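> Have a look at this prediction, sequence included:
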Amino acid sequence: MPADNVILVGFMGVGKSTGGRLLARRLGRCFVETDDMIVARDGRAIPEIFRQDGEEAFRRLEGEAVEALRLKSGEVIATGGGLPCHEGRMDALRALGTVVWLRGTLPELVARARRIGGRPMLAGRSAEELEALYRIREPYYAQAHLTVDTTGLGLDQVVARVLAALRETHAARV
Ligand code: S3P
């Protein structure tokens, strides 16, 4: 039986962490972030892992985090923006529960992620390079069970849309 988690995927800056935390509160569920799992296990901050060991090493740690997620059920899980974007990863996430893609317009997402900071994947990349990265990632995100467009919405509205979409699919399964 598939575990009944809700898994949020999407590009940096879309609000997976803040939205996920609020969604978990609304659903009375626990909230976990793959980035936090990696930091807790490794002991270094993410920018430090990128700087010292490189992106490939970080992606391996993400793979280990996905393995560890198999122990979870009934939780809300926010994933790092690049985590789903490898062969087979979306299948692994879909097996954990209902996967929701939070999408938005790239300039807005990048501006928000830059404002918050601590995103090594943004460092030194031009708008064109980020656009190319987004295009590579989009087909992976698009394999989510549900898509919620966050454009122009506040946090509460995003969470309300996710809840409505979840209710609809759960009703459809009955
Ligand atoms: C990354 C996104 C980050 C974090 C790491 C790499 C990416 O998470 O996992 O910096 O490759 O897009 P957020 O999506 O929460 O910013």
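Alright, I've got the coordinates. Numbers count the residues shown, from 1 in each chain.

> Pull the residues that contact stretch 121-129.
Counting by CB atoms under 8 Å, 6 or more residues apart in numbering, the neighbours of stretch 121-129 from elsewhere in the structure are M12, E55, G81, G82, P107, V110, A113, R114, L130, L133. For the C-beta atoms, the positions are set from N, CA and C on the backbone; glycine is no exception.

> Look up phi and psi at the third one.
The phi and psi values for G81, taken as degrees, to the nearest 10, are phi -60, psi -30.

> Hmm, it is touching L8, no?
No - the pair formed by G81 and L8 falls short of the contact definition of CB atoms under 8 Å, at 10.6 Å.

> Pull up the overlap in contacts between the two.
If you check G81 and L8 against CB under 8 Å, 6+ apart, the residues they both contact are K16.

> Of the contacts of stretch 121-129, just the buried ones, ChimeraX syntax please.
With 16 or more other CB atoms under 10 Å as the burial test, the buried ones among the contacts of stretch 121-129 are selected in ChimeraX as follows:
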select :12,81,82,110,113,130,133
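
> Pick the one among the contacts of stretch 121-129 closest to T147.
G81 (15.6 Å; CB to CB).

> Now do that closest one, the pLDDT please.
Reported pLDDT at G81 in the predicted model: 98.

> I'd like the next helix or strand past the longest strand seen in the chain.
Within the chain, and with DSSP state E defining each element, the longest strand by residue count is strand 97-103. The first helix or strand that comes after strand 97-103 along the chain, using DSSP states H and E, is helix 106-116.

> What residues of the following helix or strand past that following helix count as buried?
Later in the chain than helix 106-116, the nearest helix or strand by DSSP H and E is helix 127-141. Residues L130, L133, Y134, R137, Y140, Y141 are the ones in helix 127-141 that count as buried (16+ other CB under 10 Å).
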